[in-house]
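Colleague: show me how the following folds:
(4 chains)
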Number of protein chains: 2
Amino acid sequence: MSETPRSLPAKTRRKQLIKATIKCIAKNGLSGTTMADVTKLAGLSLGIVNLHFETKEKLLVETLRFITDEYRNGLDKIFFNENLSTEEKIRAHVAFDFSRAIADRNKLAVWFAFWGETKSRPTYHSICADYIDEIAQNLTQLFSILKNEQNYQSVDPELVCTCYTALSDGLWLALLLTPKSFKADDAKTIAMHYLKTQFPNNFTMT
Amino acid sequence: MSETPRSLPAKTRRKQLIKATIKCIAKNGLSGTTMADVTKLAGLSLGIVNLHFETKEKLLVETLRFITDEYRNGLDKIFFNENLSTEEKIRAHVAFDFSRAIADRNKLAVWFAFWGETKSRPTYHSICADYIDEIAQNLTQLFSILKNEQNYQSVDPELVCTCYTALSDGLWLALLLTPKSFKADDAKTIAMHYLKTQFPNNFTMT
DNA sequence: TAAATGAATGAATAGTTATTCATTTGTGAT
DNA sequence: ATCACAAATGAATAACTATTCATTCATTTA
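Modeller: The predicted structure follows:
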């Protein structure tokens, strides 16, 4: 086993601390997360957070930014992938929403903890508002293109985007609350079930 | 203006404190909610929570129980109402989900705050698991009856129940995060849009 | 009207936790 | 090797907050 070097690039240390924060929020809740817990989980000393983030509040903000960036960047990679058809992009979007990296219970606990605080913390709110808007625009566009490509008459792309997004968030909650009886594959099945209702020619088979 | 009497039935005081707690969680977040805030918002003294709930933690548990009971009881009243047809019950369920009393942003903030802590607090988790299970059973039954009554061939009642429930939770999130551009009526429209895809004969008109 | 009751108060306490910073330690340059 | 520098440490501090409980006060009872 290689020893962890005492000195490390600042970015690596920051990511290490953010990952410990995610675990800690999942384990103890946002209200039960202390600096002592986070640094102990990271295997580092108490003062390290001050060194890399100045305050606890800034560490929490960067933690929220980390999970929103991970989500946004993953979807952008799909959206801007020239090798995928529109249908394939939508399929990839669903697969990503319920992939190991994203539909992870630790991260889901973090999402919900921060969502619960958005009303009281403008900083949290604006971080969330940003990514939501960008993703909605891209997804609406995909549905709109598919509608035109395949001549779906009565589809309302914006409504379908809002509906799919809400459905996906609600399925995340089911994964968080009932992990024993409800798995990522079940969630994916339900998401596809909805898309079939709107685009039966594209999502009915396989 | 009538003076608030100094002495009041215990139940009334407890409800008063729970309502102050809901406002306080919405205003300051779960992690930022202090006994001083809650009691000040209720217009009472610091020691009152200890008198009526023993500890802060028990006040929080009762607050969660309050909103889950309110939700469950409201839906039970619909489900067991002999005067409503199955279709009317489902319509009433949707209307209730996005009614003033339920889709209130203060209460939504409380829901999400507690959901974010369910992974770390078994008590919160079991309170949520209970109501979810009961509601799912009743709603699945409604979809099942409607399927048989109206001869819908390919509807899977259990899947539709999970899908509707997730959709409703996700729409609550949209109401919490984007209250300016997304209103309860928009949420209701989207929920009905999904039900139409499954039961076009019942939910397409009006 | 006076005494008894118990709900409500809030100053004081005890415990917790974020933050600070003097000291230690590893690393790379000379 | 030695030095200079930066990263990391953790004991001490300062701030905050849940809980306690002796006291106050309104209401009820005799």
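
Colleague: show me what contacts the residue most central in space within chain A?
Modeller: Geometric centre of chain A, nearest residue: A:Y71, 4.3 Å, by CA atoms, centre = their mean. Applying CB atoms under 8 Å, 6 or more residues apart in numbering or on different chains, we find A:Y71 in contact with A:I102, A:Y131, A:I135. Where C-beta positions appear, they are placed from N, C-alpha and C, glycine not excepted.

Colleague: quick check: A:I190 touching A:G170?
Modeller: No: under the criterion of CB atoms under 8 Å, A:I190 is not in contact with A:G170, lying 9.4 Å apart.

Colleague: any idea how far stretch A:134-154 is from the chain center?
Modeller: The chain centroid and the centroid of stretch A:134-154 are separated by 22 Å under CA atoms, centre = their mean, to the nearest Å.

Colleague: could you do stretch A:132-149 as well?
Modeller: The answer for stretch A:132-149 is 18 Å, by CA atoms, centre = their mean.

Colleague: pull out the buried positions in it.
Modeller: A:I132, A:I135, A:A136, A:N138, A:L139, A:T140, A:L142, A:F143, A:S144, A:I145, A:L146, A:K147 (16 or more other CB atoms under 10 Å in any protein chain shown).

Colleague: same check, this time on stretch A:98-117
Modeller: A:98, A:102-104, A:106-117.

Colleague: just these now: which is nearest B:H125?
Modeller: A:A109 (11.1 Å; CB to CB).

Colleague: what angle separates the helix or strand the closest one falls within from helix B:105-115?
Modeller: Applying DSSP states H and E as the criterion places A:A109 in helix A:105-115. When axes from the mean of the first three to the mean of the last three CA atoms, to 10 degrees is applied, the directions of helix A:105-115 and helix B:105-115 differ by 150 degrees.

Colleague: please enumerate the helices of chain A.
Modeller: A:10-28, A:35-42, A:48-53, A:56-79, A:86-97, A:105-115, A:122-150, A:157-177, A:184-198, A:200-203 (DSSP state H).

Colleague: the fifth one packs against which elements?
Modeller: If I follow you right, that is helix A:86-97. helix A:56-79, helix A:122-150, helix A:184-198, helix A:200-203 (3 or more CB pairs under 8 Å, 6 or more residues apart in numbering or on different chains; DSSP states H and E).

Colleague: what about 6 Å?
Modeller: Using 3 or more CB pairs under 6 Å, 6 or more residues apart in numbering or on different chains; DSSP states H and E, the elements in contact with helix A:86-97 are helix A:56-79, helix A:122-150.

Colleague: list of residues touching stretch A:135-147?
Modeller: Stretch A:135-147 has contacts (CB atoms under 6 Å, 6 or more residues apart in numbering or on different chains) with A:L75, A:F79, A:T86, A:K89, A:I90, A:V155, A:P157, A:E158, A:V160, A:C161.

Colleague: what sits against the third one?
Modeller: When the contact criterion is CB under 6 Å, 6+ apart, the partners of A:T86 are A:L142, A:I145, A:L146.

Colleague: so how far is A:L51 from A:Y164?
Modeller: Separation of A:Y164 from A:L51 (CB to CB, to the nearest Å) stands at 42 Å.

Colleague: enumerate the residues of chain A near chain B.
Modeller: A:26-31, A:109, A:112-113, A:115-117, A:119-120, A:128, A:162-163, A:166-167, A:169-171, A:173-174, A:177, A:190, A:197 (CB under 6 Å from any CB of the partner chain).

Colleague: stretch A:23-37 near DNA strand D anywhere?
Modeller: No: Stretch A:23-37 stays clear of DNA strand D (CB under 7 Å from any atom of the strand), getting no nearer than 9.0 Å.

Colleague: pull up the distance across that stretch, start to finish.
Modeller: Start-to-end span of stretch A:23-37 (CA to CA, to the nearest Å) is 10 Å.

Colleague: how about stretch A:35-42: buried residues?
Modeller: In stretch A:35-42, residues buried by neighbour count (16+ other CB under 10 Å) are A:M35, A:D37, A:V38, A:T39, A:L41, A:A42.

Colleague: what do you get for stretch A:43-50?
Modeller: For stretch A:43-50, using 16+ other CB under 10 Å, the buried residues are A:L44, A:I48, A:V49.

Colleague: out of those residues, who's near DNA strand D?
Modeller: Answer for the buried residues of stretch A:43-50 near DNA strand D (CB under 7 Å from any atom of the strand): A:L44, A:I48.

Colleague: backbone phi and psi for the residue in chain A that DNA strand D sits nearest to, please?
Modeller: Closest to DNA strand D within chain A is A:G47: 1.8 Å, counting by CB to the nearest atom of the strand. Per-residue torsions, A:G47: phi -70, psi -10 (degrees, to the nearest 10).

Colleague: if we can go back for a sec, mean pLDDT added to the helices of chain A, as CSV?
Modeller: Formatted as CSV, the helices of chain A follow (pLDDT from 0 to 100):
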stretch, mean pLDDT
helix A:10-28, 95
helix A:35-42, 96
helix A:48-53, 94
helix A:56-79, 98
helix A:86-97, 98
helix A:105-115, 98
helix A:122-150, 97
helix A:157-177, 98
helix A:184-198, 98
helix A:200-203, 96
